[in-house]
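Chemist: I'd like to go over a predicted model; first the sequence, then the structure.
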Amino acid sequence: MSTLEIRGLKVSVTTENGDVEILKGVDLTIKSGETHAIMGPNGSGKSTLAYSIAGHPKYTITGGTVTLDGADVLEMSVDERAKAGLFLAMQYPVEVPGVSVSNFLRTAATALRGEAPKLREWVGEVKGAMEALKMDPSFASRNVNEGFSGGEKKRHEIMQLELLKPKIAILDETDSGLDVDALRVVSEGVNRAKENSNVGVLLITHYTRILKYIKPDFVHVFANGKIVEEGGPELADKLEAQGYEEYVNA
Amino acid sequence: MTALQSNVLDIHTPQGREEAWRFTPLKRLAGMHDGSAITSLLNSLQPVQALPSGVSFDTVEADAFSPTDDAITQRIRAFSKTVQRLTISKNSEIAQPIHFSRSMRDLNSVEFARIQIVVEPHAKATVIFENSGDLRIGEDLEIQVGAGAHLTFISLQEWGASSIHAARHNAVVERDATFNSIIVTVGGSLVRLLPTVEFAGPGSSAELLGVYFATAGQFFEHRIFVDHLVPQAKSRVNYKGALAGQDAHTVWIGDVFIRAAAEGTDTYELNRNLLLSDGARADSVPNLEIETGEIVGAGHASTTGRFDDEQLFYLMSRGINSADARRLVVRGFFTEIVSQIKDQVIEDRIMARIDDELAKAGAING
């Protein structure tokens, strides 16, 4: 049982016009097995929350705490956060020229597990994960994210979620750019990960459609750098009907 | 005064202000450029295995195939009539790469080496020069790729730390012939290579690939010249370099000349540099001179950058530590070209050398 606890998190970025505060005090607790949806309009700071937890150097933490099972996440380097059990499925996964998917996955699994996975078992694991996400076997020999379609990038992210088995996963707009079929395949992958490893999920999204496939236990409305309303799945239905207007103009 | 002496006296001595020499630290050339070197005929280049049928390697007295304005090459020719000549006979298809190596250690004199590779019409071969050990060498390599022939030429500079290597690799590519080269420079104190291509017949093509990795104090210069003298020839140039450490210095010059007669030319050249530490300098100068507008395409690009923070973040967010992430990115950067060598032993050796140099330069602990 793991708990990611975010308390009073304030984050700013440096721009041409000086430091701008993006997160203005975020409180959120995610436990193993729970699925939290964070919904909000573009520019509300949802992605900043995701990248700040993962440790992207662009963001400066100006206040608050983030702990995973009591350990101070903000003190950890990016790779230490992953080793502690955090995972970020990115909205825009980065191309790494010349590094094959299979080499990348094996290097990551070796780093996270503390030893190289046994080759035969590993090959089976990867093959299984790729088949489950309906990915062509040739995918493994391609360079990481290079020339991938939007759907391929997201499948690749979710494949990592399934293979690397984090305690808490943050999915940053995993639904964006997916057609209905891909959305279903990717959502099934997330649900498998929930079932198999009881991962806690923080699902960041703009639209409610992914929530038809991945059922949230909690829904948080995010606006102007903080959570402005919380509720159960029924809150998503309200947002579907009414949009974000009342929160943005509040 | 003998003819030989007068030739030597006629050779211009670079002063360092000339366009061709403006980047090169002349003091570190062991006197190859000004005639002060104590020269020898070492014939250090030797075949690694028995040569297959259709291939011969002889020492002959011969003139150069074509003149040159490179001062060191002129001095080499004035010094020696002797040529080590590799011939691939007409219509021979040599399946296995033909390996040559230099692995001696001699820092007392300067070897002046003349080498010719003659690929007769419709022959096909891959020739690999593996340079290791420690030498001071001026190398005049002339390559003839006959009509319809195909040559892949790979030159590996895995020299020891004291080596000085100045070379002109000139390829004359006849009608419908293909010349591919891969240059790898990862060792030596000073390496200055002039890979040049003259297209001598229509339908010819050349692909010039290269990688270099310079660490503290090393100077590696690759000065490419592709001369489109005839119509319907195609050239591609792609060199990638990385630098780490104080006073690591690389120079890449890509000169492409499309002459008035060269209608239908198709050319593109690319140089990318990765600066992995402070105190290193990468010069990159693409030049395109065009005398006819009737061409298929002509372009060039040059970039010099540091580690991409987004790439490192992506890798590290999967638990890969900073040093391993940097190693992966650098390996990935070079893989595109190193994988074209198509010899696993050599590819692994080059990548291991790069890993090693990276670690020594401290460029992965940023």
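Modeler: All right, it came through fine. Residues are numbered from 1 along each chain as shown, chains lettered A, B, ... in the order given.
Chemist: Please count neighbours and contacts with C-alpha atoms only from this point.
Modeler: Noted.
Chemist: Not counting its neighbours along the chain, what's nearest the residue nearest the centre of chain B?
Modeler: Geometric centre of chain B, nearest residue: B:Ile183, 4.4 Å, by CA atoms, centre = their mean. Ranked by CA to CA, 6 or more residues apart in numbering or on different chains and with sequence neighbours excluded, the top spatial neighbour of B:Ile183 is B:Gly210, at 4.4 Å.
Chemist: Isn't the one you found up against B:Lys240?
Modeler: Yes - using CA atoms under 8 Å, B:Gly210 is in contact with B:Lys240, at 6.2 Å.
Chemist: Let me see the ranges of the helices in chain A.
Modeler: Using DSSP state H, the helices found in chain A span residues A:46-54, A:78-84, A:101-113, A:119-132, A:150-164, A:180-197, A:234-242, A:245-248.
Chemist: who touches the fifth one?
Modeler: Helix A:150-164 is contacted from outside by A:87, A:89-91, A:93, A:105, A:108-109, A:112, A:125-126, A:129-130, A:133, A:135, A:145, A:169, A:174, A:177-179, A:182, A:186, A:189-190, A:192-193, using CA atoms under 8 Å, 6 or more residues apart in numbering or on different chains.
Chemist: 6 Å instead?
Modeler: Here helix A:150-164 makes contact (CA atoms under 6 Å, 6 or more residues apart in numbering or on different chains) with A:Ala89, A:Gly177, A:Leu178, A:Val186, A:Ala193.
Chemist: chain center to that helix, what's the gap?
Modeler: Helix A:150-164 sits 11 Å away from the centroid of its parent chain (CA atoms, centre = their mean, to the nearest Å).
Chemist: next one: the second one
Modeler: For helix A:78-84, the distance between its averaged C-alpha position and the chain's averaged C-alpha position is 14 Å (CA atoms, centre = their mean).
Chemist: Show me what that helix is in contact with.
Modeler: Helix A:78-84 is contacted by residues A:Gly55, A:Leu112, B:Met316, B:Ser317, B:Arg318, B:Gly319, B:Ile320, B:Asn321 when judged by CA under 6 Å, 6+ apart.
Chemist: Of the residues you listed, which belong to strands?
Modeler: Using DSSP state E, no member of these falls within strands.
Chemist: still on that earlier bit, the helices of chain A into a markdown table, with extra columns for distance to B:Ala301?
Modeler: Listed next are the helices of chain A as a markdown table, based on distance: least, CA to CA, whole Å:
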| stretch | distance to B:Ala301 |
| --- | --- |
| helix A:46-54 | 33 |
| helix A:78-84 | 34 |
| helix A:101-113 | 28 |
| helix A:119-132 | 37 |
| helix A:150-164 | 28 |
| helix A:180-197 | 37 |
| helix A:234-242 | 48 |
| helix A:245-248 | 46 |
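Chemist: Using CSV, please lay out those together with mean neighbour count.
Modeler: Converted to CSV, those look like this (neighbours: other CA atoms under 10 Å in any protein chain shown):
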stretch, mean neighbour count
helix A:46-54, 22
helix A:78-84, 24
helix A:101-113, 20
helix A:119-132, 15
helix A:150-164, 23
helix A:180-197, 18
helix A:234-242, 14
helix A:245-248, 12
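Chemist: could you dump those to CSV with mean pLDDT?
Modeler: What follows is the helices of chain A, written out as CSV (pLDDT from 0 to 100):
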stretch, mean pLDDT
helix A:46-54, 97
helix A:78-84, 98
helix A:101-113, 96
helix A:119-132, 94
helix A:150-164, 96
helix A:180-197, 96
helix A:234-242, 91
helix A:245-248, 84
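Chemist: nearest to B:Arg114, of these?
Modeler: Smallest distance to B:Arg114 across the helices of chain A (CA to CA): 43.2 Å, for helix A:101-113.
Chemist: Next, count neighbours for the nearest residue to A:Val219 once chain neighbours are set aside.
Modeler: Once flanking residues are discounted, A:Val219 sits nearest to A:Ala37: 4.8 Å by CA to CA, 6+ apart. Applying other CA atoms under 10 Å in any protein chain shown, we find 30 residues neighbouring A:Ala37.
Chemist: who's in contact with A:Ala37?
Modeler: A:Leu202, A:Leu203, A:Ile204, A:Pro216, A:Val219.
Chemist: Closest one of those to chain B?
Modeler: A:Leu202 (16.2 Å; CA to the nearest CA).
Chemist: before we move on, back to that, where does the residue nearest to B:Ile183 sit: helix, strand or coil?
Modeler: The three-state assignment at B:Gly210 reads strand, by DSSP: H, G, I helix; E, B strand; the rest coil.
Chemist: And it, how far from B:Ala200?
Modeler: Applying CA to CA, to the nearest Å, the value for B:Gly210 to B:Ala200 is 23 Å.
Chemist: Do a quick rundown of the strands in the stretch 1-150 of chain B.
Modeler: Along the stretch 1-150 of chain B, the stretches classed as strands by DSSP state E, counting those that start in this stretch are B:39-40, B:46-47, B:55-61, B:82-88, B:98-102, B:105-119, B:124-131, B:134-145, B:150-158.
Chemist: Save those as TSV, and put in distance to chain A, mean neighbour count and mean pLDDT too.
Modeler: Shown next, in TSV, are the strands of the stretch 1-150 of chain B (distance: least, CA to the nearest CA, whole Å; neighbours: other CA atoms under 10 Å in any protein chain shown; pLDDT from 0 to 100):
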stretch	distance to chain A	mean neighbour count	mean pLDDT
strand B:39-40	43	18	90
strand B:46-47	33	16	96
strand B:55-61	36	14	97
strand B:82-88	34	20	97
strand B:98-102	27	18	98
strand B:105-119	33	21	95
strand B:124-131	24	21	98
strand B:134-145	31	25	98
strand B:150-158	21	22	98
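Chemist: Turn those into a markdown table, columns for distance to B:Leu288.
Modeler: Formatted as a markdown table, these follow (distance: least, CA to CA, whole Å):
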| stretch | distance to B:Leu288 |
| --- | --- |
| strand B:39-40 | 36 |
| strand B:46-47 | 37 |
| strand B:55-61 | 37 |
| strand B:82-88 | 33 |
| strand B:98-102 | 34 |
| strand B:105-119 | 28 |
| strand B:124-131 | 29 |
| strand B:134-145 | 24 |
| strand B:150-158 | 24 |
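Chemist: Tell me, how many residues neighbour the residue nearest to B:Ile183?
Modeler: When neighbours are defined as other CA under 10 Å, B:Gly210 has 22 of them.
Chemist: go on, B:Leu51?
Modeler: By the criterion of other CA under 10 Å, B:Leu51 has 12 neighbours.
Chemist: and B:His222, how far is that from B:Glu120?
Modeler: 28 Å.
Chemist: of those two, who's got more company?
Modeler: B:His222 (24 against 20).
Chemist: what residues does the host helix or strand of the more buried one touch?
Modeler: For B:His222, the enclosing helix or strand under DSSP states H and E is strand B:219-228. With contacts defined as CA under 6 Å, 6+ apart, strand B:219-228 is touched by B:190-199, B:249-258, B:262.
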